[in-house]
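A.B. asks: need a structure here:
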Amino acid sequence: QVQLVESGGGLVQAGNSLRLSCAASGGSANNFRMAWFRQVPGKEREFVAEISRSGSSTNYADSVKGRFTISRDNAKDTVYLQMNILKPEDTALYYCAARYWTLGVTTRATGYNYWGQGTQVTVSS
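C.D. replies: As a prediction, the model looks like this:
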């Protein structure tokens, strides 16, 4: 059983940056593709970015391309989301998710096997 713990959220002004971290325990992150999703109250969970086991392949939602960067450090079993040029519409609860690598690539939340509890990001205008 893999446990995921997110950190790094907070309140920032528009235009600034934040870096989220997701630490995995109870299993090696090497076995998983990892992703970040976000959710605001009353809306479905939205795909943000995902990364392959090695880190060589990434995918992003159009809304964050060019501003957000996903990366991972397998030696530390940690995945990161660097968020730059933040906008008020980026305000959400951000979740880390893990998907067994054998299942391939997906941007659907239902395709992920493990989830963290989330970290809140609030961007003020």
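
A.B. asks: residue contacts, the residue most central in space within the chain?
C.D. replies: Nearest to the centroid of the C-alpha atoms of the chain, with distances taken as CA atoms, centre = their mean, sits W36, at 2.0 Å. Contact analysis of W36 by CB atoms under 8 Å, 6 or more residues apart in numbering lists 20, 22, 48-50, 70, 79, 81, 94-97. All C-beta spots, glycine's among them, are computed from the backbone N, C-alpha and C.

A.B. asks: Equivalent analysis for V121, please.
C.D. replies: The contact partners of V121, by CB under 8 Å, 6+ apart, come to 9-10, 12, 18, 20, 38, 83, 86, 90-94.

A.B. asks: who wins for neighbours among these?
C.D. replies: M83 (26 neighbours; other CB atoms under 10 Å).

A.B. asks: which residues sit in contact with that one?
C.D. replies: By CB under 8 Å, 6+ apart, the neighbours of M83 are 17-20, 64, 67-68, 90, 121.

A.B. asks: Include secondary structure when you put those into CSV, please.
C.D. replies: Formatted as CSV, the contacts of M83 follow (DSSP: H, G, I helix; E, B strand; the rest coil):
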residue, secondary structure
S17, coil
L18, strand
R19, strand
L20, strand
V64, coil
R67, coil
F68, strand
D90, helix
V121, strand
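
A.B. asks: about what we covered before: distance-wise, check the residue nearest to the centre of the chain relative to T102.
C.D. replies: Remark: distance between W36 and T102 (CB to CB, to the nearest Å) = 21 Å.

A.B. asks: T91 now?
C.D. replies: Where T102 is concerned, T91 sits at a distance of 35 Å (CB to CB).

A.B. asks: how about stretch 69-83: buried residues?
C.D. replies: Using 16 or more other CB atoms under 10 Å as the test for burial, stretch 69-83 gives 69-70, 72, 77-81, 83.
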